[in-house]
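**Q** can't give you the sequence, but here's the structure:
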């Protein structure tokens, strides 16, 4: 027999702080010490019983410590404090050192757990993390789970460190999933290549919940060593593995799930979602700027299927965040499509918390964090006030500027962590491209047939369209543009290492009738993408983005119609959401004047045209990419 171990020997110093906090919470829950705050007479959304429970919620040091009748007792004490007398006995009362909680009257209002967006790429909002936080918190969002693979594709671990540092001390809790596919596939040229060893130093961080969407489902199913090493790393730390498996079924789906992938946000049909649900995956019903899948998946909004579903945005532009909202908009739409309000709320609170093991989030119950939203109704989900760990951080649609929540207290374990340092030049000086010329945009192929990327309205999926080369003097293989058939040119320009690689392709269904649009936001490698109706305008638009060190540009007939600089990795702006939105909306209106089709977001659509993990056909800096077979093919060919 070994030496008997004293329980104190297994309690590390870092745990003492936690034990002390737990003792205080128990004392507050038992009534031995008063709460800090009481939400009085609220319609409490109970995500465990699917009921609206009328009562008070008591909060102490950022945690919920009780539900029941608390306000009457302290309102009586408050009255005594104000008058100095007990009305019942008419006796004088010594009110020195008496602590009375703040009482917030919620009569006629609903109290919800804080909303969680379980899958979003903050960079796609074009806003820095701080500005993003200021924008979404007033809409009731208290936590997001983000995959920063956009900035990591550009700046490697410096991009990840930038995001981790920016996420500190915000009213929005930002959890991270570590990028699994940088680059997304071998068909893309990114600013960095991230292996399992590169992720290992970050996996132990508390704010890191696991491995981000495994987009290279083909490589996973084929058992690629690098992907399996990353999955094994996440499993070794007991963390979650996110999925991205559009169209997977049968043995391929079995293999993907067997690898450890627990969820999916790429379902576009009920049949696909049902297949994945039946194999044990959580389903994220996506409603973002480019991909809008909720209506097509509305059958999942009701039990029993809703019990394994979440509502997420994935990618959201600043204008929609400003005008329509964030998670509150998802709730509105879900209820409009037939979801019961409480079931909808569960999909943005309890279910994300369960999926990701956030044991203190997602519900209103003793021991849970006091991330709370006061709602005026359960139809429009109008947010009156937002509390993060018991602190008021937004009210009536306005962020409170002094609403820093998670301050590092001197001497605490968290305050002893070293400050995050990153290579700023990699983040802020990320465009490395020569000045472009018209010659760079001409095809050097020949053939009697041509492959065209065909857009599918409302979807990220595309089709591979094979057409005979038009037999007319109006068409030139060198140019490839044929406006009569809505076929325009695409260019994907490598911008990280100045390699000079330029992939050229054709796209149908975008609608552009003149000019050119360029962007450095191009998932996932974020090379420079240009769509245009002539080479001259394409050159001008691309060179504007180059000059601005990233962003968007639109030109027509040699005239600049608009530009939006995005100097943070070529992806984000440090300006306010309103400022970014103003420029973006102006450019969208100009794009419509140039012919971009109704229902197509001109920039979000271009942003996904290079992503070589969403079927069928994409354009990367290496050329046309067939997603399902992971091969490069030519635009023009002979049979």
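**A** Structure received. Keep in mind that what you see is a predicted model, and the values were worked out from it rather than measured. Residues are numbered from 1 along each chain as shown.
**Q** only C-alpha atoms for contact and neighbour calcs from this point on.
**A** Noted.
**Q** what ranges do the helices span in the stretch 401-550 of the chain?
**A** 424-428, 535-547 (DSSP state H, counting those that start in this stretch).
**Q** could you list the low-confidence segments of this protein?
**A** In the prediction, the chain carries residues with pLDDT under 70 at positions 1-14, 77-98, 402-419.
**Q** which residue is nearest the middle of it?
**A** residue 120 (1.0 Å; CA atoms, centre = their mean).
**Q** which non-adjacent residue is nearest that residue?
**A** What sits nearest to residue 120 in space, not counting adjacent residues and going by CA to CA, 6 or more residues apart in numbering, is residue 314, at 4.0 Å.
**Q** show me what contacts that neighbour?
**A** Residues near residue 314 by CA atoms under 8 Å, 6 or more residues apart in numbering: 119, 120, 121, 286, 287, 288.
**Q** ok, residue 524 next?
**A** 149, 150, 153, 183, 184, 190, 608, 610, 611.
**Q** run the last query once more with 7 Å
**A** Listed by CA atoms under 7 Å, 6 or more residues apart in numbering, the contact set of residue 524 reads 150, 153, 184, 611.
**Q** hang on, the earlier thing: okay but the residue nearest to the centre of the chain is in contact with residue 311, surely?
**A** No - between residue 120 and residue 311 there is no contact, the gap being 10.8 Å when judged by CA atoms under 7 Å.
**Q** chain center to stretch 242-257, what's the gap?
**A** 22 Å (CA atoms, centre = their mean, to the nearest Å).
**Q** I misspoke; the intended subject was stretch 375-385.
**A** That offset, for stretch 375-385, works out to 23 Å (CA atoms, centre = their mean).
**Q** circling back to that earlier point, looking at the helices of the stretch 401-550 of the chain, which is buried most?
**A** helix 535-547 (a mean of 24; mean count of other CA atoms under 10 Å).
**Q** sorry, back to before: would you format the helices of the stretch 401-550 of the chain as CSV with distance to residue 299 included?
**A** Formatted as CSV, the helices of the stretch 401-550 of the chain follow (distance: least, CA to CA, whole Å):
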stretch, distance to residue 299
helix 424-428, 43
helix 535-547, 43
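**Q** of those, which is nearest residue 384?
**A** helix 424-428 (36.9 Å; CA to CA).
**Q** mind giving me the packing neighbours of that closest one?
**A** With contacts defined as 3 or more CA pairs under 7 Å, 6 or more residues apart in numbering; DSSP states H and E, helix 424-428 has these neighbours: helix 149-166.
**Q** immediately after the regular element (helix or strand) spanning residue 283, which helix or strand?
**A** Following DSSP states H and E, one finds residue 283 within strand 282-286. From strand 282-286 onward toward the C-terminus, using DSSP H and E, the following helix or strand is strand 309-312.
**Q** what packs against whatever helix or strand comes next after that next one?
**A** Later in the chain than strand 309-312, the nearest helix or strand by DSSP H and E is helix 318-323. For helix 318-323, the elements it packs on are helix 577-593, judged by 3+ CA pairs under 7 Å, 6+ apart.
**Q** strands along the stretch 251-400 of the chain, start to end?
**A** In the stretch 251-400 of the chain, the strands defined using DSSP state E, counting those that start in this stretch lie at 263-264, 282-286, 309-312, 372-375, 383-388, 391-395, 398-399.
**Q** tabulate these (TSV), appending mean neighbour count and distance to residue 166.
**A** Formatted as TSV, the strands of the stretch 251-400 of the chain follow (neighbours: other CA atoms under 10 Å; distance: least, CA to CA, whole Å):
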stretch	mean neighbour count	distance to residue 166
strand 263-264	24	27
strand 282-286	27	26
strand 309-312	29	22
strand 372-375	26	23
strand 383-388	25	18
strand 391-395	22	18
strand 398-399	19	17
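**Q** sweet, I'm off.
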